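# Here is a sequence with its predicted model. Questions after.
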Amino acid sequence: MGAKVFILAASLGAVMTVPMLAHHSFGSEYDSKKPLKFEDAVVTKVEWTNPHARFYVDVKDANGKVVNWNFELASPNVLKRNGWTRNTLKEGDHIGVEGAAAKDGAHLGSAQKVTLPDGKRVFAGSNTEGQ
Amino acid sequence: MKKYFASAAMTTAALAAALLLLQAPADSQAPAGDAKAPGKGAVKGKGKGRARPTGPTPRMADGKPDFSGVWNGGGPVGDIKQGLMPGEEISLTPWSKKIMDTRLTKDDPEANCLPTGIPRIAPYPWRILQTPSHIFYLFEGNIHSYRQIFIDGRKHLVDPDPTWYGDSIGTWDGDTLVVDTIGFNDKFWFDFSGHPHSEQLHTIERLTRPDLGTLDIETQIIDPIAYTKPFKIKFTATLRPGEELMEYICQENQQDAQHLQGPAGPPER
């Protein structure tokens, strides 16, 4: 168990610096100059699917209105290689999300960091290289 | 299955441990998969991220290099120009310039879960499986597909139907496998930038495995409809020992293409 935890951790650490491109051009879909940061987002759905895993969260906008956002992660395989499982995020979880917004103005983002319910901030499998 | 679907509690513990290492230099850590590599050479800490394994070139029973293994990289992703060999240049014909100037990123076949063709390699692990008569490329992504190269001495098909991976014949030049491919369709793009080609595309790839962890792929692109002269590119794939391919069905939940904006271009735009 201890060794396995270390291996997963080592794998995560190692992959952090390795660019992994997605199947589409990141810069054509998301704008790294439009950062998103939600501190209390409630997970409403998780899609452990390809080409990207996704989660949907309810967040309150400046007027207190609840808006549902769709966040793209890496593929499930990339996430698994980085220590995630399909149960890392669950419906009802209160999480934090940092990412980049879609260029077309949809309530769509690319997740870069996720703060889990226990406060741990983890790599989310997306960056400006399109991970 | 248990290997990948650990409990949520354990994942949380793993991620917690991982956080302690986030700032540590990647070079100091052996990737998880390497521990499982049977009888492989040492892992050399060189460059960023996952180290390239070292060791002698594996060989088949007949002494020819064995390219088998799980690889990462080895072809263009963002822009084919990134692999141009010294002295080479890409010279578009008016026909291909017009196509390239009007391509939109949303129409990139790869973004729409269609194959990469050749020489593009999607940024996901892929496996070479080599037998005395065939070499198969098994792609995890994008898409979950395969390519086959015949190395049994046969000739090209006569007037092959145009296909995404074409008709590939491999012959040996010493320790170099020379892969000659014709019979392509004109549907795939060479990269995010949208470099085009016609059905006249003819590729000559030279594959070498100078050591355990390195697969060099030099590709000559010959297409008089699209390029005024042939040009050569070179990309290097890195062995991922202990890695296994995982299922990746791109069509399952593809939501990207409809959000892609603007003309085709490399990811750093």
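That came through fine. Numbers count the residues shown, from 1 in each chain, chains lettered A, B, ... in the order given.
# Which stretches in the chain count as strands?
Using chain A here. A:30-47, A:54-60, A:66-72, A:94-102, A:108-115, A:121-123 (DSSP state E).
# wrong one, I was asking about chain B
B:69-73, B:126-130, B:134-139, B:146-150, B:167-173, B:176-182, B:202-211, B:214-222, B:231-239.
# now the ones you listed in CSV, with distance to chain A, mean pLDDT and mean neighbour count?
Glycine gets a C-beta too; all of them are placed from N, C-alpha and C. CSV is the format used below for the strands of chain B (distance: least, CB to the nearest CB, whole Å; pLDDT from 0 to 100; neighbours: other CB atoms under 10 Å in any protein chain shown):
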stretch, distance to chain A, mean pLDDT, mean neighbour count
strand B:69-73, 9, 97, 21
strand B:126-130, 12, 98, 19
strand B:134-139, 11, 98, 17
strand B:146-150, 17, 98, 17
strand B:167-173, 23, 98, 16
strand B:176-182, 23, 98, 19
strand B:202-211, 20, 98, 18
strand B:214-222, 17, 98, 20
strand B:231-239, 10, 98, 20
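# Export those strands to JSON lines and append columns for distance to B:Ala61.
Listed next are those as JSON lines, based on distance: least, CB to CB, whole Å:
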{"stretch": "strand B:69-73", "distance to B:Ala61": "17"}
{"stretch": "strand B:126-130", "distance to B:Ala61": "11"}
{"stretch": "strand B:134-139", "distance to B:Ala61": "15"}
{"stretch": "strand B:146-150", "distance to B:Ala61": "19"}
{"stretch": "strand B:167-173", "distance to B:Ala61": "14"}
{"stretch": "strand B:176-182", "distance to B:Ala61": "16"}
{"stretch": "strand B:202-211", "distance to B:Ala61": "16"}
{"stretch": "strand B:214-222", "distance to B:Ala61": "20"}
{"stretch": "strand B:231-239", "distance to B:Ala61": "21"}
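# B:Asp62 is nearest to which of those?
Closest approach to B:Asp62 among those (CB to CB): strand B:167-173, 9.6 Å.
# Report all helices and strands that the closest one contacts.
strand B:146-150, strand B:176-182 (3 or more CB pairs under 8 Å, 6 or more residues apart in numbering or on different chains; DSSP states H and E).
# List the neighbouring strands of the last one plus their orientation.
With DSSP bridges as the test, strand B:176-182 is paired with strand B:167-173 (antiparallel), strand B:202-211 (antiparallel).
# Just give the closest residue to B:Asp62, not the sequence neighbours.
B:Pro132 (7.0 Å; CB to CB, 6 or more residues apart in numbering or on different chains).
# and the one you found, what does it touch?
B:Met60, B:Ala61, B:Asp62, B:Ile151, B:Asp152 (CB atoms under 8 Å, 6 or more residues apart in numbering or on different chains).
# picking that back up, highest average neighbour count across the strands of chain A?
Most buried of those, by mean neighbour count (mean count of other CB atoms under 10 Å in any protein chain shown): strand A:108-115, with a mean of 23.
# tilt between that one and strand A:54-60?
Put simply, strand A:108-115 runs at 90 degrees to strand A:54-60, going by axes from the mean of the first three to the mean of the last three CA atoms, to 10 degrees.
# Now strand A:108-115 - C-alpha only, CSV.
Only the C-alpha atoms of strand A:108-115 are listed here, as CSV (Å, rounded to 0.1, in the frame of the first residue of the first chain):
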residue,chain,number,x,y,z
LEU,A,108,-17.2,25.6,-20.8
GLY,A,109,-13.7,25.4,-19.4
SER,A,110,-10.5,23.4,-19.4
ALA,A,111,-9.7,22.4,-15.9
GLN,A,112,-6.1,22.8,-14.8
LYS,A,113,-6.2,22.3,-11.1
VAL,A,114,-8.9,20.9,-8.9
THR,A,115,-9.2,21.3,-5.1
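# which outside residues touch it?
Contacts for strand A:108-115 (CB under 8 Å, 6+ apart): A:26, A:29-30, A:36, A:39, A:55, A:69-73, A:89, A:95-102, A:121-127, B:259.
# mind running it again at 6 Å?
With contact meaning CB atoms under 6 Å, 6 or more residues apart in numbering or on different chains, strand A:108-115 is reached by A:30, A:36, A:70-73, A:95-102, A:121-122, A:124, A:126-127.
# How far away from the center of its chain is that strand?
4 Å (CA atoms, centre = their mean, to the nearest Å).
# that older thread, can you lay out the strands of chain A as a markdown table showing mean pLDDT and distance to B:Arg209?
Converted to a markdown table, the strands of chain A look like this (pLDDT from 0 to 100; distance: least, CB to CB, whole Å):
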| stretch | mean pLDDT | distance to B:Arg209 |
| --- | --- | --- |
| strand A:30-47 | 94 | 37 |
| strand A:54-60 | 97 | 38 |
| strand A:66-72 | 97 | 36 |
| strand A:94-102 | 96 | 39 |
| strand A:108-115 | 94 | 36 |
| strand A:121-123 | 89 | 32 |
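# Between the ones you listed, which one is closest to A:Thr85.
strand A:30-47 (11.1 Å).
# so can I have a markdown table of the strands paired with strand B:176-182 showing distance to B:Ile90?
Below are these laid out as a markdown table (distance: least, CB to CB, whole Å):
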| stretch | distance to B:Ile90 |
| --- | --- |
| strand B:167-173 | 23 |
| strand B:202-211 | 14 |
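# Write down the beta-bridge partners of the residue nearest to A:Lys113 when sequence neighbours are not counted, one by one.
Distances taken as CB to CB, 6+ apart put A:Glu98 closest to A:Lys113, at 4.3 Å, once the chain neighbours are dropped. A:Glu98 has these beta-bridge partners by DSSP bridges: A:Lys37, A:Lys113.
# Surely A:Glu98 and A:Lys37 touch.
Yes. If you go by CB atoms under 6 Å, A:Glu98 and A:Lys37 touch, sitting 5.1 Å apart.
# which residues touch stretch B:116-127?
So stretch B:116-127 is in contact with A:20-21, B:70-72, B:74-77, B:110, B:137-142, B:164, B:188, B:190, B:203, B:219, B:240, B:243, B:245, going by CB under 6 Å, 6+ apart.
# That stretch: end-to-end distance?
15 Å (CA to CA, to the nearest Å).
# Chain A versus the closest residue to B:Gly213 other than its chain neighbours, what's the distance?
Spatial nearest neighbour of B:Gly213, chain neighbours left out: B:Pro53 (3.8 Å); criterion: CB to CB, 6+ apart. Using CB to the nearest CB, to the nearest Å, B:Pro53 is found at 14 Å from chain A.
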